[in-house]
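Trainee: Only the shape, not the letters, is given here:
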């Protein structure tokens, strides 16, 4: 019998430099860390399936979900090299009220976007808009505007 989760508690993003990433997520998206901690040892290594894991991590709350940034100080990970169509590649979509304004503000501050916002004109998502951008580690993120009620 399947389980039925009640929510997404958090989404984790490995980063190369947690201090840089915390500053970027605060400056660009206004996300303040709830806390930043360090962890290491055998229970952690076993649970994350990374031998000799030593990491520093922080929680950033977005509504009812937490974005967890993790810097593996040991062993160091490889740089992000996945495309959106690669198996295992993931992204986080941040809902905004005005995608055009959010796009302009982030673009003007140097955020790299794949394209301007794309408006969907048919199907279940008609009236919605989205655009993809990257964080300092080239992690794909998305802005998403839901269709306005008529």
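Mentor: Now that the structure is in, tell me what you want to look at. Quick caveat: nothing in here was measured; it's all calculated off a predicted structure.
Trainee: Low-confidence stretches in the chain?
Mentor: Flagging of the chain using pLDDT under 70 yields the residue ranges 150.
Trainee: in stretch 10-17, what counts as buried?
Mentor: Within stretch 10-17, the residues scored as buried using 16 or more other C-beta atoms under 10 Å are 13-16. From N, CA and C alone the C-beta is placed, and that goes for glycine too.
Trainee: Let me have the residues you listed in JSON lines, extended by secondary structure and distance to residue 34.
Mentor: Below are the buried residues of stretch 10-17 laid out as JSON lines (DSSP: H, G, I helix; E, B strand; the rest coil; distance: C-beta to C-beta, whole Å):
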{"residue": "13", "secondary structure": "strand", "distance to residue 34": "15"}
{"residue": "14", "secondary structure": "strand", "distance to residue 34": "19"}
{"residue": "15", "secondary structure": "coil", "distance to residue 34": "17"}
{"residue": "16", "secondary structure": "coil", "distance to residue 34": "22"}
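Trainee: Who are the packing partners of whichever helix in the chain runs longest?
Mentor: Taking DSSP state H as the criterion, the chain has its longest helix at helix 18-29. Packing partners of helix 18-29 (3 or more C-beta pairs under 8 Å, 6 or more residues apart in numbering; DSSP states H and E): strand 33-40, strand 54-62, strand 65-74.
Trainee: distance of the spatially most central residue of the chain from residue 143?
Mentor: Most central in the chain under C-alpha atoms, centre = their mean is residue 92, positioned 4.5 Å from the mean C-alpha point. Distance, residue 92 to residue 143, using C-beta to C-beta, to the nearest Å: 10 Å.
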